[in-house]
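Visitor: kindly return the folded structure for what I paste below:
(3 chains)
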Amino acid sequence: MAENEKEILENLGEREYKYGFTSAIETETIGKGLSEEVVRLISEKKGEPEWMTERRVAAYRHWLTLEPPTWAHLTIPEIDFQDIIYYAAPKARKRLGSMDEVDPELKRTFDKLGIPLEEQMALAGVAVDAVMDSVSVKTTFKETLAEKGIIFCSISEALRDHPELVKKYLGSVVPYTDNFYAALNAAVFSDGSFCYIPRGVRCPMELSTYFRINAAGTGQFERTLIVADEGAYVSYLEGCTAPQRDENQLHAAVVEIVVERDAEVKYSTVQNWYPGDREGRGGIYNFVTKRGLCRENARLSWTQVETGSAITWKYPSCILAGDNAVGEFYSVAMTNNFQQADTGTKMIHIGRNTRSRIVSKGISAGRSENSYRGLVRVAKGAENARNYSQCDSLLIGDRCGAHTFPVIDCRNRTAVLEHEATTSKISDDQLFYCNQRGLSTEDAVGLIVNGYAREVLSKLPMEFAVEAQKLLALQLEGTVG
Amino acid sequence: MDRILEIIGELRKAGREEFRVTTPVPQPYGAVDPEHLRVELAAGAAAHLVVLHTKAATSSLDVELAEGAQFELTELFLGETFCTTNVRQGARSRCRMTTVLLAGANVGCTVDLTGADAENSLGGTFLVGGREHAVVKLRTNHRVADCRSDSTFKGVAGGEAVGEFSGLVYVAQDAQRTDAQQQSRNVLLSDTARITTMPQLEIYADDVKCSHGATVGQMDADAILYMRQRGLSEAQARRLQIEGFVGDIVRRCGVEPLGEAVLELAAEKLEKL
Amino acid sequence: MENNMLSVKNLHATVEGKEILRGINLEVKAGEVHAIMGPNGSGKSTLASVLAGNEKFTVTEGSVEFLGQDLLAMPIEDRARLGLFLGFQYPVEIPGVTMANFMKLAVNEQRRYRGEEPLTAAEFLRLMKEKSAVVELSSKLTSRAVNEGFSGGEKKKNEIFQMAMLDPKLAILDETDSGLDIDALRIVATGVTKLHTPQNATVVITHYQRLLDYIVPDVVHVLYKGRIIHTGDKTLALKLEKEGYDWLINEYDK
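Guide: Predicted coordinates for the structure are as follows:
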């Protein structure tokens, strides 16, 4: 009868499937399509150990039995999984000589976001090393991290240099059986990041700036694994406020976080993938599985600012397995034009005295659809579990949708769970008031939206909070008046 | 239950299959274990209807309220009935619903607000114990502008019982100035009971006031202590607390002596939880 | 001693393993008013909770006799029925439970405990009406749920109203004056004074002298670090008001 962790992990996944789409990518190394052979070939090309190859194959075989999930409040065009290239050697980007060659539109956006010049260059593909010694910057980071015994590298490197750690933790939080996209990722993941913070070590810097310059172009099936050993701490930032263009339409990433006893991980995401044009053509499909496992007294905090992608499907979750573990989820999801987002979290309370908090702020504009979907589950043994959820929706315009789909499932009588949701719009009175004080309508909307999202933005590392604020305002351009 | 049957027996019998009410002065009607019932209220008409379900059977109820009609519906579940209730409300109509489950019934209820200024208010509760399994699915559709809906469902589960509530408020595009509130409040009395609640909002109009809330909790230990300090036994304090929790819902049961009779039955049930 | 009502001897109590009361000795006789004063965290509220029987606290040593019975052996409700009333510092809200319903049960439980017949509905209503006058509690409040949506002052008045209804032998009022404006304080304090008789006793736990302007104590105790470190008459409260606790504390800490 007892619900053990494993069972819960397995049940978290879901088994449904079908569908596809076409994307026009030219093949270079391995041809289009997916087969066991292709999976083995990917593993071989990456020079992986045999156990890894076998895991990929097992994942692939399992994937074949699955169908894409259809329960989300999303309209997903059919995806043709045989029309995708699953392995391409990272293409060398065209190097630009100087900032003058950068698309002025892109440059304007960078300026508005206030991104430092060096980073702008890196992001725009200007040969950074020509103007600034990025290598030395990286080296400095690496040295500081190495002194503390922190491992921070690509998954491929980790497989080569720390196979025992990867073998132990990869797939331990998000097994390939979890869901359709997680299985696909487990079979064909291209690369991603690996981070290990040893016992008792407090990572001295946000693993962010480094990451932002470094991790461009990790591909469409990204895999991230973060392990904070007992008593360790790390704050990790994924993504970037700058608009990211990618040829690949389908992105199916997996992020796994292991937070051992007394450890703490803060994971912040700013997602600004290409959302498609005003008519809803193009744009990234972002189908992500993110989950963390918290042991005794561990704490995991997810913060996300989602403004990009044509379709977003992601539910960063916390398995609160150990006693006194704490899970948090702070989210701002903004959709405009024809974007669709179905995002939220799962808080699975297994240990005693586990706590979780959910703050979700949805903003819908244009003809977009924005849904919060969440699960709070309290297992039998989770004495004194507590959850508080607040899910707000803000509608801008009368042709968009804002939805809230929480599930609360409680099997322990000592639990106290609260969920609240509200829906509101920016009132004409608020706008008039701001206009009267001399603000333009656009500025007023930006101001009001930032106020609305403040609770979440304040959880981001300082510099990103500022950028994210600007990003929201930028995304709102042209939504009112 | 005999007392309740007696009270309902004194009411006018609701037609076997279909009945239509045209009088503006509300009359109380009663029905016991109807297989299918269709109720139509003409424009401006008013009525009370009490439906008692005692059997493990299927049952369906369709209610159509014309403009300005006023309807009060009380549904009591004392058996494991599978029941579907559909209420369609025209402009300026008012519907006040009370749903009380004292058994593991399965209740699906859809309310369609199809005329401006229609108003629906629903209060419900389930009390389940033993191995009972109660399911309540509520859907409120705001199809047009300027309607109001308000629902509160309170669940209590003890023993090895399961209580499931799902409530969706749907607001169609252009259903502006909708005012929709929904609350799901639950208490678990044992570690082997289970409560699942899914309050949902699906909203396509921007000028709306919509909110929902859901809680799962336990009896307030401080309140128990407080009552005991005033000389109440622990059992008395607990019963008083649960009665306080569901009492307002149970007392809604429109027709006069019915509320108290149902509360009595609910209290008996609580003793056993 | 025949009129000895409460006799606390060497009382030690802990909460979550931490010792809060470290040897309390206290004798209260019928007809007396005692004031217990002391700085924050000295154990005043704990003493009240332990006497009332709050199970959060564990008594590790000592004895308490109340009206000739072993108080510590009794569950909280029996202590109440025997005639011990605790006025809560933070009265608890009980949603959906009406004051009338609650009080009727409480009064009749007490009567049953004493072997008396329960009150009829009419008798009870008469009692409610009579007693609500003691603290000028509006009859609107008595028809509402217990403490739900009451203001701070109303909650405290409601405590004294319940005290009037239950007519305890010993009332322990835990910071009944906190959070009250001057009018509410006067009403509450006057109510307590009205209820005082030679047959009952009152223990007032307070921070401030101002309550003692209305409820004049026969004995004033200073509680510090879980012990009564000084006892005096009503002039002690005035001295404390003027000079604070430091002179006592410094002496004790030495």
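Visitor: what residues does the stretch 101-250 of chain C have near chain B?
Guide: Contact residues, the stretch 101-250 of chain C versus chain B (CB under 8 Å from any CB of the partner chain): C:101, C:102, C:103, C:105, C:106, C:109, C:110, C:113, C:145, C:162, C:166. For every residue, glycine as well, the C-beta is placed using N, CA and C.
Visitor: from those residues, list the buried ones, please.
Guide: Buried residues within those, counting neighbours by 16 or more other CB atoms under 10 Å in any protein chain shown: C:101, C:102, C:103, C:105, C:106, C:109, C:110, C:145, C:162, C:166.
Visitor: what pLDDT does the spatially closest residue to residue C:71 that is not a sequence neighbour get?
Guide: Using CB to CB, 6 or more residues apart in numbering or on different chains and skipping residues adjacent in sequence, the residue nearest residue C:71 is residue C:64, 4.2 Å away. In this model, residue C:64 is scored at 97, pLDDT.
Visitor: repeat for residue A:118
Guide: For residue A:118, the model assigns a pLDDT of 62.
Visitor: just the helices in chain B please.
Guide: Remark: helices assigned in chain B by DSSP state H are B:2-9, B:221-229, B:234-250, B:256-272.
Visitor: no wait, chain C
Guide: C:44-52, C:76-82, C:99-113, C:121-132, C:139-142, C:152-166, C:182-195, C:234-243, C:246-253.
Visitor: just the CA trace of the first one, in PDB.
Guide: Translated: helix C:44-52. Output of helix C:44-52 as PDB, limited to C-alpha atoms (Å, rounded to 0.1, in the frame of the first residue of the first chain):
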ATOM      1  CA  LYS C  44       3.400  33.800  32.300                       C
ATOM      2  CA  SER C  45       1.300  32.400  29.400                       C
ATOM      3  CA  THR C  46       2.900  29.000  29.800                       C
ATOM      4  CA  LEU C  47       1.800  28.900  33.500                       C
ATOM      5  CA  ALA C  48      -1.800  29.700  32.400                       C
ATOM      6  CA  SER C  49      -1.700  27.000  29.600                       C
ATOM      7  CA  VAL C  50      -0.300  24.400  31.900                       C
ATOM      8  CA  LEU C  51      -2.900  25.100  34.600                       C
ATOM      9  CA  ALA C  52      -5.700  24.900  32.000                       C
END
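Visitor: avg pLDDT for stretch A:32-52?
Guide: On average, stretch A:32-52 scores 90.
Visitor: possible to save the buried ones among the residues of the stretch 101-250 of chain C next to chain B as TSV with distance to residue A:444 and pLDDT?
Guide: Shown next, in TSV, are those (distance: CB to CB, whole Å; pLDDT from 0 to 100):
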residue	distance to residue A:444	pLDDT
C:101	52	83
C:102	51	88
C:103	55	90
C:105	57	87
C:106	57	90
C:109	62	89
C:110	63	91
C:145	43	87
C:162	53	94
C:166	59	93
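Visitor: could those be laid out in TSV, adding distance to chain A?
Guide: Below are these laid out as TSV (distance: CB to the nearest CB, whole Å):
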residue	distance to chain A
C:101	25
C:102	24
C:103	28
C:105	24
C:106	26
C:109	26
C:110	31
C:145	20
C:162	28
C:166	31
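Visitor: which parts of chain B sit against chain C?
Guide: So chain B meets chain C at B:220, B:222-223, B:225-234, B:236, B:240-241, B:243-248 (CB under 8 Å from any CB).
Visitor: returning to that earlier point: nearest to residue C:53, of the helices of chain B?
Guide: Closest of these to residue C:53 is helix B:221-229, at 7.7 Å (criterion: CB to CB).
Visitor: fine, thanks again, bye for now.
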